[in-house]
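> Structure for the following, please:
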Amino acid sequence: MGTSKRLAPYYDMQAQHRAILSAARAGPLQSLTDRELALREHPLTIYPRPLRQVSAWVRFGSQAIRVDAKLARSTPLAAGIEFRAGDQTFRCWVWANAVQDRGA
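Purely as a prediction, here's the structure:
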């Protein structure tokens, strides 16, 4: 009995959601501070409908995990992302170099 190539993306998504929820038990989702964002010194771009697909490193407590996310906001140095796991939506700011474009 083999695996279905058609369902592989679904199984990958389900595995990622389980990994995110497991990591979330390690501690709260970390986000950049206001001081690190320095929004008074850097321009902020807000995307009305976050459609750009990215992969990003996030940290729950001391546990780091790579997630598939959508870019919602950005500055020259940081990215505001959102991602889902189960029925929860997570939002945080990460350094721009922690984000990689996945294409649409």
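> so residue 20, which of the three states?
helix (DSSP: H, G, I helix; E, B strand; the rest coil).
> swap in residue 39?
Residue 39 - assigned by three-state DSSP - is coil.
> what about it, how many neighbours?
10 (other Cβ atoms under 10 Å). All C-beta atoms are positioned from the backbone trio N, CA, C, and that covers glycine.
> was I right about it contacting residue 75?
Yes. Using Cβ atoms under 8 Å, residue 39 makes contact with residue 75 at a distance of 7.1 Å.
> Just give me the residue closest to the centre of the chain.
Nearest to the geometric centre of the chain sits residue 69, at 4.1 Å (Cα atoms, centre = their mean).
> wait, what's in contact with that one?
53-56, 58, 81-83, 99 (Cβ atoms under 8 Å, 6 or more residues apart in numbering).
> cutoff 10 Å now
50, 52-56, 58, 79-84, 90-92, 94, 99, 102 (Cβ atoms under 10 Å, 6 or more residues apart in numbering).
> Buried residues, the strand or helix carrying it. List them.
Element membership for residue 69, per DSSP states H and E: strand 63-74. Within strand 63-74, the residues scored as buried using 16 or more other Cβ atoms under 10 Å are 65, 67-74.
> what pLDDT, on average, does the following helix or strand past it get?
Toward the C-terminal end, the helix or strand that comes next after strand 63-74 (DSSP H and E) is strand 78-85. Summarised as a single mean, pLDDT over strand 78-85 is 95.
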